[in-house]
Structures are given as C-alpha cells and as structure tokens.
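Undergrad: Sequence isn't available, so here's the structure alone:
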C-alpha cells in the first residue's frame, strides 16, 4: 500500500497532476527500486538478508503499479518516470477502480471491494491456509538462490493472472460487475501489451 501514500500529498493541497499526483512517481519502478534499496541497506540490523529482502520488497512494491495498470477507469501509470511523464495502462483491464479516500466506503467502493475479494480469493485462501510447522534445523538453511526465488515469483504472477482471467469470465455478465464497470471501458482480451494514455 506504500505507493498510495501519494494521496496524502493531495490532502496537503498539492495538485493531483504530474509526477506528484495519484499513481504518479510513487507507482514507478524507480520508486520501488529506491524502497528496495533502503530495505536492503538498513534491514541487516534487523536480521534481514540484504539481497533477498531487497528483491522481495522490489517485487512487492512494483506489483502495486502493475495491478493499477490493470484497472478499468485508471489514469495510467508512470512506468518510465523520470525519463518520461507518459502514463501507461494495459489493454486488458479487468480490475474495477476503487474510489479514493472516504469514497471507498461508499456503496460503489464496497462493491469494488467485493469484486476484488472474489478475484483474488484463491490467493487469499492459499496464504492463510494452515501449514504444519517443521522442526527447526540445528543450522539455518542456506539462502535460496535467485533462480529459485525467480521461479516462485513467476509462479505467483501466473497464479494472479489466472485468478483474474477466471474470475472475470465467471463474473463478466453479473449484476455486480455491471455496477462497478463503466460501459465505455474497452474490454480487450488480447495480450497485455502496454499502451499509452493521455489521461
């Protein structure tokens, strides 16, 4: 949720435009890299492995912008900031856009939350599913290689996209979806190539 701290700037009176606006610089890969660098540099005093924790935090933070680029009514993401102020979004945008601030507690906000809950329900179940505790080894195991971590990350990405595609097909013509999607939104089902947006 860290990238959405940009709404605080708007509350302080900073215009909601440009790099400081909502879904601006804080949603860029450079911001994710900066946060990951801070964690990698300062996390060692808390017993964190610098490289492993840095990669983990980068993937977690950068995924926020990627998922926001999959929202129906979004303004696009500054993926190339600070090299470019162009905003990008994917042609396939199955996730309804959550209203900001207290509007998220409105009827529409609660419907969007319900849709997101259904979309990602398999992942929630997987995360909270109880697991048997293994006996702690006498010596800590070696850090998993980046190849192993990369394979796990790719598996998670595949699982997220599978959840989105399956849930959208299931909910496409339901009353819940029609209540949160605008009729003008294109629902292209092609490959998720980035497209520029001016809004």
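TA: Here it is on my side, so go on. All values derive from a computational prediction rather than experimental measurement.
Undergrad: residue nearest the centroid of the chain?
TA: Nearest to the mean C-alpha position of the chain, by C-alpha atoms, centre = their mean, lies residue 64 at 2.4 Å.
Undergrad: Can you tell me the element that one falls in?
TA: helix 50-68 (DSSP states H and E).
Undergrad: What lies in contact with that helix?
TA: Residues from elsewhere that reach helix 50-68 (C-beta atoms under 8 Å, 6 or more residues apart in numbering): 1-4, 23, 27-29, 31-33, 35-37, 39-41, 43-44, 74, 77, 79, 95, 143-144, 146, 149, 153. Quick note: C-beta positions are derived from backbone N, CA and C, even for glycine.
Undergrad: Which among those residues count as buried?
TA: The neighbour-count test (16 or more other C-beta atoms under 10 Å) marks 3, 23, 27-29, 31-32, 35-36, 39-40, 43, 74, 77, 79, 95, 149 as buried among the contacts of helix 50-68.
Undergrad: where do the strands sit along this protein?
TA: 87-89, 195-197 (DSSP state E).
Undergrad: so residue 94 makes contact with residue 168?
TA: Yes: if you go by C-beta atoms under 8 Å, residue 94 and residue 168 touch, sitting 4.2 Å apart.
Undergrad: Look at the two and report which has more neighbours.
TA: Counting neighbours by other C-beta atoms under 10 Å for residue 94 and for residue 168 shows that residue 94 has the greater number, 22 against 18.
Undergrad: I figured residue 86 was touching residue 28, is that so?
TA: No: look at residue 86 against residue 28 with C-beta under 8 Å: they stay out of range, at 11.5 Å.
Undergrad: shared neighbours, these two?
TA: With C-beta under 8 Å, 6+ apart as the test, residue 86 and residue 28 both reach 78, 80.
Undergrad: related to what we said a few turns ago, just give me the lowest mean pLDDT stretch among the strands of the chain.
TA: Among the strands of the chain, strand 195-197 has the lowest mean pLDDT, at a mean of 53.
Undergrad: Residue 164: what's it in contact with?
TA: Contacts of residue 164 by C-beta under 8 Å, 6+ apart are 70, 94, 95, 119.
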